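Chemist: the amino acid sequence is not available; the structure is as follows:
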């Protein structure tokens, strides 16, 4: 079990590094954010199963639901940028306004 | 097949590397779908089928479909794949190399002690009272949402409704 946990923590760290380093698209950072949410869901589910904290199963479900909300709002911002500039490149965000 | 779930977790890390090396978002979405499916398999390997169903329904079926449509809308004509740029190739290879080195270190040197001992595949044992019964932990735990935290459920539903309004306002712009 701990060697499975260390793999999932490594996956979370890889997605975190991927989110913090910009390349050309804003969309890939949002995808890395979703990867972080998925790895947190898996890790918390496995730990809750192992420790038999049955009531704490609420936490991964709520994490998933609010991550869906957050993804929707992030996508709305991306669509706004894409409507004005045509693409969602990071270099378009240099004016602090749309 | 004692090492089945351990191998699945290695495949999870490799598919996380495939979208963390940041190719074009379409290929990143493919990598995220694969990692969602592998993550669901890891959870199902422990027996909780309800949580695996949540991953497939809400995560893959809800969020990634929306990501796919938005990527199709806001993408370019020649998307860059994993082999097209030396940056992506280097990031992917260094991620895979890091994972392989970690696994070799775990398996050869009989564990790893950072702050906690990340040894082999043993589980944690909980000492509880006497007596036992058969319970389905996952559905029992999630049904506590409607039982012990009623008001939180109402507040979360209100927060989701307000987030729909936020999305509409952001899209509307000026």
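Modeler: Right, received. Where do you want to start? Please read all numbers here as calculations on a predicted model, not as lab measurements.
Chemist: now do the helices in chain A.
Modeler: In chain A, the helices defined using DSSP state H lie at A:2-20, A:27-51, A:58-85.
Chemist: which stretches of chain B have low pLDDT?
Modeler: B:1, B:77, B:110-134 (pLDDT under 70).
Chemist: circling back to that earlier point, most packed of the helices of chain A?
Modeler: helix A:27-51 (a mean of 22; mean count of other CB atoms under 10 Å in any protein chain shown). Heads up, the C-betas are built off the backbone N, CA and C, glycines and all.
Chemist: a markdown table for the helices of chain A, including distance to chain B?
Modeler: Shown next, in a markdown table, are the helices of chain A (distance: least, CB to the nearest CB, whole Å):
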| stretch | distance to chain B |
| --- | --- |
| helix A:2-20 | 3 |
| helix A:27-51 | 4 |
| helix A:58-85 | 4 |
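Chemist: so, low pLDDT: which residues of chain A?
Modeler: For chain A, the ranges with pLDDT under 70 are A:98.
Chemist: most centrally placed residue in it?
Modeler: Closest to where the C-alpha atoms of chain A average out (CA atoms, centre = their mean) is residue A:33, at 2.0 Å.
Chemist: and the helices in chain B, which stretches?
Modeler: B:4-20, B:25-45, B:49-54, B:65-73, B:86-108, B:137-142, B:150-172.
Chemist: will you turn these into JSON lines that also has mean neighbour count and distance to residue A:67?
Modeler: Converted to JSON lines, those look like this (neighbours: other CB atoms under 10 Å in any protein chain shown; distance: least, CB to CB, whole Å):
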{"stretch": "helix B:4-20", "mean neighbour count": "22", "distance to residue A:67": "16"}
{"stretch": "helix B:25-45", "mean neighbour count": "22", "distance to residue A:67": "12"}
{"stretch": "helix B:49-54", "mean neighbour count": "20", "distance to residue A:67": "12"}
{"stretch": "helix B:65-73", "mean neighbour count": "17", "distance to residue A:67": "12"}
{"stretch": "helix B:86-108", "mean neighbour count": "15", "distance to residue A:67": "23"}
{"stretch": "helix B:137-142", "mean neighbour count": "19", "distance to residue A:67": "16"}
{"stretch": "helix B:150-172", "mean neighbour count": "12", "distance to residue A:67": "12"}
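Chemist: dump these into a markdown table; add distance to residue A:16 as well.
Modeler: Putting the helices of chain B into a markdown table (distance: least, CB to CB, whole Å) gives the following:
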| stretch | distance to residue A:16 |
| --- | --- |
| helix B:4-20 | 9 |
| helix B:25-45 | 14 |
| helix B:49-54 | 23 |
| helix B:65-73 | 19 |
| helix B:86-108 | 13 |
| helix B:137-142 | 27 |
| helix B:150-172 | 24 |
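Chemist: many thanks, we can stop here.
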